[in-house]
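Participant: I need the structure of the sequence given here:
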Amino acid sequence: KNLCIISIMILLFSISACEKMEVINEKNNVEEKNTEVNVIQNENKMGDFSCKTNKGNVFTLYSRNDKKPVFINFWATWCGPCVGELPDLQDLYDEYKDKVNFIFINCGDSEEIISSFLNEMQGVYTFPVGYDENNEIAMKFDITGIPTTYILDGDNNISDKVIGARSKNDYKKLLDKVVK
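Facilitator: All right, here's what the predicted structure looks like:
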């Protein structure tokens, strides 16, 4: 009986830890990485940011000229709900990648950990992953729980902000509002 109670408490703690990721800003110990961030410019517009990706390029939000909507997902390899929604997000990416720009910003994992995670999945996940090893982007956008997803229209206006994991169909409804 006690073992059951302890197991339930550990499970609840694990779920809480994923959804309440606390980002600590130790300015003296943060080393420069390949990220550049401006804060959210106003309530409706996403601030600009840049990050190196697993595809070997740099994703910069405001340098896009295509006016396509943007799907931004903040996640981590150690977060159960984040990893749990990845299969649906891969399906979403496969279906919308020609109509929507996707970036999956990893919060806090090193490039090596991300590469190892993606290699273990044996090519299942083909979406672009942005590196935010020091949580600079997550801190600027006040990401306090993951997964967190922003859906932007073609002018970088925030259409929706979703905290927590969702299904492919939930995200499709939100993307269909901004895809023309």
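Participant: hey, where'd the strands end up in the chain?
Facilitator: 35-37, 49-52, 58-60, 70-75, 101-107, 129-132, 148-152, 158-163 (DSSP state E).
Participant: Name the spans of this protein whose pLDDT lies under the cut-off.
Facilitator: 1-43 (pLDDT under 70).
Participant: Run through the helices of it in chain order.
Facilitator: With DSSP state H as the criterion, the chain has helices at 2-19, 80-96, 111-120, 136-140, 168-178.
Participant: Is the spatially most central residue of the chain bridged to anything, and to what?
Facilitator: The centroid of the chain falls nearest to residue 74 when counting by C-alpha atoms, centre = their mean (1.8 Å). Counting by DSSP bridges, residue 74 forms beta bridges with residue 105, residue 148.
Participant: hmm, back to that, among the helices of the chain, pick out the one with the most neighbours on average.
Facilitator: helix 136-140 (a mean of 21; mean count of other C-beta atoms under 10 Å). All C-beta atoms are positioned from the backbone trio N, CA, C, and that covers glycine.
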